[in-house]
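Peer 1: requesting a structural model of the entry that follows:
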Amino acid sequence: RIPCVFYWKGMIKSGTVSNEAIINLDLFPTFLELAGEEMPVGQVFDGVSLAPLILGKVSKLEPRPLFWHYPNYGPANVVNGEVRYAYIPTDVVLYGDYKLLDYYHCEKEHLELYNLKEDIGERNNLVSAMPDKTKELYTKLKDWRKETGAILPVPNPGFDPAR
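Peer 2: Model prediction:
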């Protein structure tokens, strides 16, 4: 939901708007293509070139899942002896209108599923109401983790919240 602006006088039509979901990993392949350069042989790219989209050659990208991997804890403070974190380890997959979050810091599995077209504020967790969609996206997420070798956090036996 964060806008991205491209400007290239004489090349990108002024006032063009797209609601396509993109990710920062798309920028490198985009700039390579716009510069007329080839993708380096043997190099794996997680993003796709947005050049056809921003130059008006296509109005939509091919459907694809987008992934976020955040395996760390953010700033913490202690409230009544309990550690509270600003950010917690979470992985996300966005596919079509649906966004699945996996909060894997919990001792038990905790998933949240939202239909962003109908619930942009992510207030109505659909995991129980849509088990098939949850399973579909969770499988995509687990397969992506395996394919990319995503590292998950492990407990620190020496962690002392009192310190």
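Peer 1: list the buried residues of the longest helix along the chain.
Peer 2: Counting by DSSP state H, the longest helix found in the chain is helix 131-148. Buried positions in helix 131-148, judged by neighbour count with 16 or more other C-beta atoms under 10 Å: 133, 134, 136, 137, 138, 141, 144, 145. For glycine as for every other residue, the C-beta is placed from the backbone atoms N, C-alpha and C.
Peer 1: who touches it?
Peer 2: 46, 65, 67, 69, 91-93, 95, 98, 100, 102, 111, 113, 126-127, 150, 152 (C-beta atoms under 8 Å, 6 or more residues apart in numbering).
Peer 1: before we move on, what SS does residue 84 have?
Peer 2: strand (DSSP: H, G, I helix; E, B strand; the rest coil).
Peer 1: surely it meets residue 77?
Peer 2: Yes - if you go by C-beta atoms under 8 Å, residue 84 and residue 77 touch, sitting 5.8 Å apart.
Peer 1: please report how far residue 157 lies from residue 85.
Peer 2: 19 Å (C-beta to C-beta, to the nearest Å).
Peer 1: distance between stretch 72-92 and the chain's centre?
Peer 2: 20 Å (C-alpha atoms, centre = their mean, to the nearest Å).
Peer 1: quick one: contacts of it?
Peer 2: Residues beyond stretch 72-92 that count as contacts (C-beta under 8 Å, 6+ apart) turn out to be 67-71, 99-105, 141, 145, 150, 152-153, 161-162.
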